[in-house]
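# I would like the atomic coordinates for the input below:
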Amino acid sequence: MIGLMEADDTAVAAQLQAVSAALRLRLPELCQAVTDSIVRQIASLAAQVRSLLEGGPIEVNRVESALGYRLRQRHLGIVAWVEEQARKEGTLVELERMAGRLADQLSEGAHALFVARDESSAFMWMPLGSEQAGRSDALDGKSPVHDGAAHLAFGEPAEGPEGFGITIREALRAHAVAVMAGPAAARVIRFADVAPIALLAEDIDAARSWVLRALGPLAADDNHTARLRETLHVFLSTGGSYLETAERLSLHKNTVFYRVRKAEQIRGRAVGGDRFSVELALLAMSLAPASSAHAACLGRSRRQGGGLIPSDPGGHKVREQR
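Numbering: from 1, shown residues only. Sure, this is the predicted structure:
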């Protein structure tokens with residue numbers, strides 16, 4: 001009996017060795033097959049999302065099954081990215097984990113849809129339940145960014161398959177504003193907060209011309225004029241309150257009065273007649289600052305047509321970021 005058991009053990013060991021040897025021979029083939037399968041799944045996912053964003057006809061049930069994500073609900077679209085200099089191996093993995101945390105913060109147990117754009121950025125869609133606020137500030141006070149290198153651009157929540165595309169396009173527009181702003185941009189930027197600038201930025205040449213018409217020489221690229229613009233912008237945003245502007249900027253009320261009057265003198269006319277246009281143009285310039293210190297972060301924006309900083313034909317040379 002003992003001899004028979006030893007013989008059986010020897011046979012099993014021989015079989016295991018044979019299987020192990022066969023697996024070692026086929027391991028590269030198996031790894032390649034797994035890799036090919038993953039690549040096909042990613043490509044299929046990207047194709048489904050692209051079809052949705054292009055607004056073509058879709059079979060909702062089939063697309064939902066392919067994505068593993070319900071389209072017939074309310075969505076919050078987000079563009080997440082890190083700057084090129086901060087990109088490292090595993091960046092997309094970290095961004096995907098962030099997507100999971102964000103979805104869980106919005107609704108415990110919820111699952112986000114995550115689609116990589118490139119090696120340093122991704123699209124995210126958050127499923128919003130009926131209990132969630134109908135705005136992109138549903139995460140306010142919940143520390144949405146944990147990774148010190150990550151940036152987020154939010155669209156506004158939108159409903160259904162059509163809203164799936166609308167909210168991410170808004171997030172992309174907010175992302176474009178953040179890129180223009182460079183290091184001055186907030187880590188989290190919402191389309192609702194920058195919508196006029198985001199839409200202006202889609203036609204940079206027209207926006208540049210419009211900013212110049214609205215501000216004239218007040219668009220000049222120098223520190224003194226920049227301080228005047230900042231003061232005037234805060235003054236207009238507070239409804240014309242000298243006291244509140246002084247408090248926000250830690251200035252004396254008389255200094256605010258002087259700067260507002262000086263800004264109007266440089267512009268060549270008072271702001272009362274076209275107050276909204278002036279405030280919007282000042283916001284545009286604050287989000288696309290003229291300092292060359294932001295050149296590196298504005299490189300992508302310049303390749304798409306440049307920033308919003310115009311050239312002033314009235315004698316003030318307003319430099320674009322280089």
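
# drop to CA atoms for contacts and neighbour counts, all remaining ones
OK.

# now the helices for the stretch 151-300 of the chain?
In the stretch 151-300 of the chain, the helices defined using DSSP state H, counting those that start in this stretch lie at 160-181, 191-200, 204-215, 223-237, 242-249, 253-267, 275-287, 299-303.

# does anything pack onto the fifth one? Which helices or strands?
Okay, so that is helix 242-249. With contacts defined as 3 or more CA pairs under 8 Å, 6 or more residues apart in numbering; DSSP states H and E, helix 242-249 has these neighbours: helix 223-237, helix 253-267.

# residues making contact with the first one?
Spelled out, that is helix 223-237. Residues outside helix 223-237 that contact it (CA atoms under 8 Å, 6 or more residues apart in numbering): 218-220, 241-242, 244-245, 248-249, 256, 259-260, 262-263, 275, 279, 282-283, 286.

# need the winner for burial among the helices and strands packed on helix 242-249.
Most buried of the helices and strands packed on helix 242-249, by mean neighbour count (mean count of other CA atoms under 10 Å): helix 223-237, with a mean of 19.

# and the angle from that helix to helix 204-215?
Between helix 223-237 and helix 204-215, the angle comes out at 80 degrees (axes from the mean of the first three to the mean of the last three CA atoms, to 10 degrees).

# re earlier: of the contacts of helix 223-237, keep whichever come out buried.
218-220, 242, 244-245, 256, 259-260, 262-263, 279, 282-283, 286 (16 or more other CA atoms under 10 Å).

# which stretches of this protein have low pLDDT?
1-56, 129-148, 288-322 (pLDDT under 70).

# quick check: domain ranges of it?
As given by automatic domain parsing, the domain ranges for the chain are 68-199, 203-303.

# redo those as a markdown table? Include distance to Ile58.
Output for those, formatted as a markdown table (distance: least, CA to CA, whole Å):
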| stretch | distance to Ile58 |
| --- | --- |
| domain 68-199 | 9 |
| domain 203-303 | 31 |
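
# nearest to Pro57, out of these?
domain 68-199 (10.5 Å; CA to CA).

# give me the distance between the two termini of that closest one.
32 Å (CA to CA, to the nearest Å).

# Arg169 and Glu156 touch, don't they?
No - Arg169 lies out of contact with Glu156 (CA atoms under 8 Å); the separation is 9.6 Å.

# that older thread, nearest to Val63, of the helices of the stretch 151-300 of the chain?
Closest to Val63 of the helices of the stretch 151-300 of the chain, according to CA to CA: helix 160-181, at 10.0 Å.

# quick one: Ile189 from Ser241, how far?
27 Å.

# to clarify, my last question referred to Asp203.
33 Å.

# now distance to Pro127 too, for the helices and strands packed on helix 242-249, in JSON lines please.
Shown next, in JSON lines, are these (distance: least, CA to CA, whole Å):
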{"stretch": "helix 223-237", "distance to Pro127": "34"}
{"stretch": "helix 253-267", "distance to Pro127": "46"}
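
# contacts for stretch 112-121, please.
Here stretch 112-121 makes contact (CA under 8 Å, 6+ apart) with 45-46, 67, 69, 79-84, 87, 91-92, 95-96, 99-100, 103, 122-127.

# mind listing what's buried in it?
Quick answer for stretch 112-121 (16+ other CA under 10 Å): 112-116, 120-121.

# looking at the residues you listed, which two lie furthest apart in space?
Within these, Ala112 and Ser120 form the most distant pair, 18.2 Å apart (CA to CA).

# what's the closest non-adjacent residue to Ile168?
Gly77 (4.4 Å; CA to CA, 6 or more residues apart in numbering).

# can you check my assumption that the one you found lies in a helix?
No - if the criterion is DSSP: H, G, I helix; E, B strand; the rest coil, then Gly77 is strand and not within a helix.

# ok, what's across the strand from it?
Taking DSSP bridges as the rule, Gly77 bridges to Trp125.

# no further questions, thank you.
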